[in-house]
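Enquirer: with the sequence up front, the predicted model follows.
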Amino acid sequence: MDNIIIQTRRLNLYYGTFHALTDIDIDIEARKITALIGPSGCGKSTLVRVFNRMNDLIEGVSVTGDVRVQGAEIFRPDADLIELRKRVGMVFQRPNPFPLSVSENITFGLEIHRSRPRQEFGVVVEEALRSVLLWDDLKDRLKGSALGLSLEQQQRLCIARVLTMKPEIILMDEPCSALDPIATLRIEELMRELKKQYTIVIVTHNMQQAARVSDYTAFLYLGEIVEFGETKQIFTAPRQKRTEDYITGRFG
Amino acid sequence: MERHFERELEGLKTMLMKMASMAEDNYHLGIRSVLEKDKKLAELTDVRVDALEMEIDNAIVDILALQKPVASDLRLIIAAQKINNDLERISDHAVNIAQSALTLADSPHIMSMMNIPTMAERTRAMLRDSLDAFLYLDPEKARAVCKQDDQIDDMNRSNARDVIGLIGAKTLPVEEALDLIRVSRNLERVADLATNIAEEVVFLTQARNIKHHAEEHRPR
């Protein structure tokens, strides 16, 4: 594997006294899709939230070990969290558009960060909506409320909102769990398009989704990475019995 | 709790073992018809094998479409599909051998083809071992089968040379000569298919493709 964009070594994470992640060593390759799978409570969402330090928002969290994004240790004392979260965007389980218009959702981050002049906002909105294949559907409804969109459109809008911050990495925590199967497949197609420019790490309960869309898969269990490898290897010939049992549904 | 899917896989394995048993039976009958010059046995057909092959094919399509198997389950389905096809062809070869027995039943020359009984017995053992390897998921037994295929190929070539010699010496009618070659050739094909089954067992149990000596050319 070359072109590593995220690397962890001996990463341990505790919620108070609960040991949620144990000795995680993982290398995430740039411009690939890496899926994290495992049963509920295995630590996959916790791990993905380490990569942009979203766990910092939870009281009592402590982290040891080394986590590097683009070579820089993200837990160093002088780490710039705002800069980190611009570089490492996040899409959540339920679409969470702001109760604003479609275009205001896109430009919200730009307003906050003042990263682009206002006169460019029109171009930014169009670019962002085009990149998530929403432009044709929404170009006449830019001032309409984002809350009036279908769930799939809302999730695409949330992805577009992340893209305006020009991230390198997009973290997706169960991005399709609120969507129907057809919308799910369309979001997966979008992910394949996005990986030409971005690195994607996706947490999913849907193993078929991991198999369909990802290049690499990590199987987590009880806070440890049991197996990490190319997705086609994991789903045809896993090396660990626990992986085999989980993906074939024989777990527990 | 046993899953519905596991019961389906067990059902598939049971059908495949039945198919194996029928193909093996046909092989025995085909060989006996030649070696014992038994014209009655030579009226062998494989309609039941063909019907079961289609039934297994349909079951495999259903499992693939409805269960979307992965990992060892996926490898089992893929191996089962190929083994099913191999067994049907083994049965076809048995029928071919039996058809030749009709010509050879009246021929005094069969016993001069001393390789045929040995070849038939070794091929039978290869087939038995490849099916045992599948039943007991034994990759070592499967690999041992693969190593025997070259000997059968050599016997087949040796038989062809012998027959050509007999034709040259005008001691063997051409029609009988062709049937002797046909029997030998069909035995050699059965050994090839037993080897295929053994290769599928290695794929199933060890996730390795050893066809065409792949491991010797590209060590993994």
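Expert: Structure's in. What do you need? The structure displayed is predicted, hence computed values, not measured ones.
Enquirer: just grab the bridge partners of residue A:218 for me.
Expert: For residue A:218, the beta-bridge partners are residue A:36, residue A:228 (DSSP bridges).
Enquirer: sketch out the low-pLDDT regions of chain B for me.
Expert: Chain B contains residues with pLDDT under 70 at B:1-2, B:109-114, B:217-220.
Enquirer: what ranges does the stretch 151-252 of chain A have for its helices?
Expert: Secondary structure of the stretch 151-252 of chain A (DSSP state H, counting those that start in this stretch): helices at A:151-163, A:181-194, A:207-213, A:231-236, A:241-247.
Enquirer: deepest of the ones you listed, which one?
Expert: Ranked by mean neighbour count under mean count of other C-beta atoms under 10 Å in any protein chain shown, those are led by helix A:151-163, which reaches a mean of 23. Every C-beta, even on glycine, is put in place using the N, C-alpha and C of the backbone.
Enquirer: so where is the stretch 1-150 of chain A shaky, pLDDT-wise?
Expert: The stretch 1-150 of chain A contains no residues with pLDDT under 70.
Enquirer: taking it, what residue is nearest to chain B?
Expert: residue A:37 (11.5 Å; C-beta to the nearest C-beta).
Enquirer: for the residue in chain B that chain A sits nearest to, which non-adjacent residue is closest in space?
Expert: With C-beta to the nearest C-beta as the measure, residue B:207 is the residue of chain B nearest to chain A, at 3.3 Å. Using C-beta to C-beta, 6 or more residues apart in numbering or on different chains and skipping residues adjacent in sequence, the residue nearest residue B:207 is residue A:237, 3.3 Å away.
Enquirer: does the one you found touch residue B:71 like I think?
Expert: Yes: using C-beta atoms under 8 Å, residue A:237 makes contact with residue B:71 at a distance of 6.9 Å.
Enquirer: list phi and psi for the residue nearest to residue B:207.
Expert: Here is the backbone geometry of residue A:237 (degrees, to the nearest 10): phi -150, psi 70.
Enquirer: next to chain B, which bits of chain A? Give me the list.
Expert: Counting by C-beta under 8 Å from any C-beta of the partner chain, chain A comes close to chain B at A:207-208, A:211, A:235-238, A:243-244, A:247-250.
Enquirer: now, which of the residues you listed sits nearest chain B?
Expert: Using C-beta to the nearest C-beta, residue A:237 comes nearest to chain B of the residues of chain A next to chain B, at 3.3 Å.
Enquirer: how about that closest one, what does it touch?
Expert: By C-beta atoms under 8 Å, 6 or more residues apart in numbering or on different chains, the residues touching residue A:237 are B:71, B:75, B:207.
Enquirer: which of those residues are buried?
Expert: Neighbour counting with 16 or more other C-beta atoms under 10 Å in any protein chain shown marks B:71, B:75, B:207 as buried within these.
Enquirer: my guess is the last one contacts residue A:234. True?
Expert: Put plainly, it is residue B:207. No: counting by C-beta under 8 Å, residue A:234 is not a contact partner of residue B:207; they are 11.5 Å apart.
Enquirer: any shared contact partners between these two?
Expert: Common contact partners of residue B:207 and residue A:234 (C-beta under 8 Å, 6+ apart): none.
Enquirer: which SS class is residue A:40?
Expert: coil (DSSP: H, G, I helix; E, B strand; the rest coil).
Enquirer: burial check on it, number of neighbours?
Expert: For residue A:40, the number of neighbouring residues by other C-beta atoms under 10 Å in any protein chain shown comes to 7.
Enquirer: got the phi/psi numbers for it?
Expert: The phi/psi pair for residue A:40 (degrees, to the nearest 10) is phi -50, psi 140.
Enquirer: and the spatially most central residue of chain A, what is it in contact with?
Expert: Geometric centre of chain A, nearest residue: residue A:171, 1.4 Å, by C-alpha atoms, centre = their mean. Residues counted as contacts of residue A:171 (C-beta under 8 Å, 6+ apart) are A:48, A:49, A:51, A:52, A:88, A:89, A:90, A:91, A:200, A:201, A:202.
Enquirer: if we go to 10 Å?
Expert: A:6, A:36, A:45, A:47-52, A:54, A:85, A:88-92, A:162, A:199-203 (C-beta atoms under 10 Å, 6 or more residues apart in numbering or on different chains).
Enquirer: can you turn the buried part of those into a PyMOL selection?
Expert: Only the buried entries of those go into this PyMOL selection, using 16+ other C-beta under 10 Å:
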select buried, chain A and resi 6+36+45+47+48+49+50+51+52+54+85+88+89+90+91+92+162+199+200+201+202+203
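Enquirer: may I have the secondary structure class of residue B:172?
Expert: The local conformation at residue B:172, judged by three-state DSSP, is coil.
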